[in-house]
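Peer 1: Here is a sequence together with a model predicted from it:
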Amino acid sequence: MAVFCGLGLTLGGMAIAGEGPAVFKLENRKGTVTFNHHAHQALGLKCGACHHGVEGGKKVPYKAGQKNQKCETCHNKGNTSMPAKYRKPMSVFHKTCKGCHKKMAANHPKAPTKCNGCHKK
Ligand code: HEC
Ligand code: HEC
Ligand code: HEC
Ligand code: HEC
């Protein structure tokens with residue numbers, strides 16, 4: 001995805017390379033969540049730790065080379081073909097993000113599990 005390379009972010013002067021945009025600012029009423037996409041990739045996490053595919057309207061495991069889209073492209077309130085519990089972006093973000101942080105908490109104390117660890121006003 002050479003098209004994104006120019007967006008390479010620097011953190012403390014150190015460049016972190018990766019796929020897709022470097023950082024997402026996820027705005028919401030609880031407080032903005034700054035998600036460092038490239039820093040997560042640099043931890044060695046595979047794309048499929050967060051991204052998944054869709055076949056026949058069902059979620060399927062990530063396949064190398066698939067097109068990745070923003071989660072809210074499908075997980076949004078207007079998408080009536082989506083089961084109601086997965087429509088709000090928050091529902092899948094909390095499941096994916098907090099879910100992993102909780103699992104990794106023992107070895108990764110810097111992975112936030114508390115509300116204000118992710119949400120900043
Ligand atoms: C720790 C989770 C995580 C990992 C690992 C991850 N991504 Fe993402 N990525 C996201 C999230 C979350 C979004 C969308 C944010 C949103 O919906 O606003 C995203 C967005 C993207 C986008 C932009 C989509 C768009 O239309 O703007 C691309 C491209 C992408 N990812 C590619 C990759 C690739 C390729 C990998 C593996 C090398 C990868 N990502 C690894 C979480 C992750
Ligand atoms: C192209 C549409 C599409 C995109 C883009 C998409 N999803 Fe999904 N997602 C689905 C569908 C369809 C389901 C299955 C709903 C069902 O169970 O019928 C699903 C289900 C889920 C579930 C609930 C099921 C489970 O296994 O826990 C989670 C969590 C999830 N998606 C996370 C994400 C995240 C995070 C992103 C962005 C990185 C994302 N999705 C992007 C279509 C999409
Ligand atoms: C598969 C596991 C995994 C997933 C999924 C994941 N994270 Fe993380 N995240 C981590 C780990 C591990 C760390 C701690 C890194 C360290 O030890 O420095 C972390 C750290 C963070 C931090 C604190 C460091 C920083 O970058 O500022 C934030 C905020 C964060 N994650 C937000 C998110 C959000 C938002 C999502 C969902 C879009 C997400 N994470 C998905 C594993 C994950
Ligand atoms: C690991 C990071 C993380 C943690 C921890 C977390 N959240 Fe979130 N939260 C998110 C993300 C990402 C979004 C989605 C932002 C978006 O819609 O783009 C979100 C969205 C929300 C929303 C917005 C819902 C809406 O529809 O506008 C609320 C409210 C919320 N979270 C409450 C909480 C509360 C309460 C806690 C603690 C019990 C919490 N969150 C913990 C990452 C986190």
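Peer 2: Received it, and whenever you're ready, just let me know what you need. Ligands and ions are numbered 1, 2, ... in the order given.

Peer 1: Around ligand 1, which positions in this structure sit nearby?
Peer 2: Residues of the chain lying close to ligand 1 by Cβ under 6 Å from any ligand atom are 19-21, 24, 26, 37, 40-41, 45, 47, 49-51, 68-72. (C-beta placed from N, C-alpha, C; glycine too.)

Peer 1: Now C50: closest residue in space that isn't a chain neighbour?
Peer 2: Nearest residue to C50 in three dimensions, chain neighbours excluded: T96, at 5.7 Å (Cβ to Cβ, 6 or more residues apart in numbering).

Peer 1: Which of the three states applies to that neighbour?
Peer 2: helix (DSSP: H, G, I helix; E, B strand; the rest coil).

Peer 1: and it, how many neighbours does it have?
Peer 2: By the measure other Cβ atoms under 10 Å, the count of residues near T96 is 15.

Peer 1: Name all residues that make contact with N28.
Peer 2: The neighbours of N28, taking Cβ atoms under 8 Å, 6 or more residues apart in numbering as the test, are 89-90, 119.

Peer 1: helix or strand for it, which one?
Peer 2: For N28, there is no host helix or strand (DSSP states H and E).

Peer 1: Look up how far ligand 3 lies from the residue sitting nearest the centre point of the chain.
Peer 2: For the chain, C50 is the residue whose C-alpha lies nearest the centre (Cα atoms, centre = their mean; 5.8 Å). Distance, C50 to ligand 3, using Cβ to the nearest ligand atom, to the nearest Å: 5 Å.

Peer 1: Show the model's pLDDT score for that residue.
Peer 2: pLDDT, C50: 98.

Peer 1: Pull up the gap between it and R29, please.
Peer 2: The gap separating C50 from R29 is 23 Å, by Cβ to Cβ, to the nearest Å.

Peer 1: you'd agree the residue nearest to C50 is up against G48?
Peer 2: No. With contact defined as Cβ atoms under 8 Å, T96 does not reach G48; the gap is 11.2 Å.

Peer 1: Close to ligand 4: what parts of this protein are there?
Peer 2: Within the chain, the positions near ligand 4 by Cβ under 6 Å from any ligand atom are 26, 28-30, 33, 88-90, 93-94, 97-98, 101, 112-115, 117-119.
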